[in-house]
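Student: from the sequence below, what's the structure:
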Amino acid sequence: MSTALDELYAHDELYAHDRFEADEQTGFDEGFAALERELLELPCVRECAVVHTRLPDLGETVVVAFVPVAGEQEASGRRAVLAACERCLPWLFGQVVAVDAIPRTAAGDVRAGALIDRALPQIARDLMSPVAMSD
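Tutor: Okay, here's the model as predicted:
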C-alpha cells in the first residue's frame, strides 16, 4: 500500500537538484544584492563595482573597487566598504581597493578583467603588509 508520503519521497528522488545547494546559491544572490544596495548608500563612495572571483592562494573572493567622493575619504570609505562586505557576504574573503575610475565598456558594463588587473597590485600589498590596509 502506497501512501502520499511514499509518493512524495519517490518524487524527490527524481530530482537531480540538491535543495541545500540551491539555498546556498540563493543566500549568495541575496547577499550580493544586499552588498550592492548598501554600497550605493554610502556617502563616502561616488561609484563602485563588485566582482566575485577566485584568486590564487585566497580562493573565492569578492573584490570591491570604489571611487571615493574625496581623497581624504579614501581610508574611511575603505573601512565602510569592507564592513559592508563582512555584513552581507561573511563567508567570502573580501578585498577592497580605492581606484580613480571604474573601467567600463562602451555600453557601461564593468570590465571585470581590467578591474581585477588594476586591483591585484593593491591586493598583493595589502596581503603582504596588514598595516598598509589600515591607512
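Student: from here on, contacts and neighbour counts on C-alpha atoms
Tutor: Fine.
Student: what about stretch 61-77, distance to the chain center?
Tutor: 14 Å (Cα atoms, centre = their mean, to the nearest Å).
Student: likewise for stretch 44-59?
Tutor: 6 Å.
Student: what of stretch 84-96?
Tutor: Distance of stretch 84-96 from the chain centroid (Cα atoms, centre = their mean) equals 6 Å.
Student: now it: buried residues?
Tutor: Using 16 or more other Cα atoms under 10 Å as the test for burial, stretch 84-96 gives 84-85, 88-89, 92-96.
Student: ok, and what's touching that stretch?
Tutor: 28, 31-32, 34-35, 38-39, 58, 60-66, 78, 81-82, 123 (Cα atoms under 8 Å, 6 or more residues apart in numbering).
Student: now restrict those to buried residues only.
Tutor: Among the contacts of stretch 84-96, the ones that count as buried by 16+ other Cα under 10 Å are 28, 31-32, 34-35, 38-39, 61-66, 78, 81-82, 123.
Student: ranges for the strands of the protein?
Tutor: For the chain, applying DSSP state E gives strands covering 45-55, 59-68, 93-98.
Student: looking at the ones you listed, which is nearest to residue 129?
Tutor: strand 93-98 (13.6 Å; Cα to Cα).
Student: now that closest one: mean pLDDT?
Tutor: Mean pLDDT, computed over strand 93-98, is 92.
Student: who are the contact partners of the most centrally placed residue in the chain?
Tutor: Nearest residue to the geometric centre of the chain (Cα atoms, centre = their mean): residue 62, 3.4 Å. Applying Cα under 8 Å, 6+ apart to residue 62 gives the contacts 50-53, 92-95.
Student: grab the nearest non-local neighbour of it.
Tutor: Spatial nearest neighbour of residue 62, excluding adjacent residues (Cα to Cα, 6 or more residues apart in numbering): residue 52 at 4.5 Å.
Student: verify the contact between that neighbour and residue 60 for me.
Tutor: Yes - judged on Cα atoms under 8 Å, residue 52 makes contact with residue 60 at a distance of 7.4 Å.
Student: where does the chain have low pLDDT?
Tutor: Low-confidence segments of the chain (pLDDT under 70): 1-26, 130-135.
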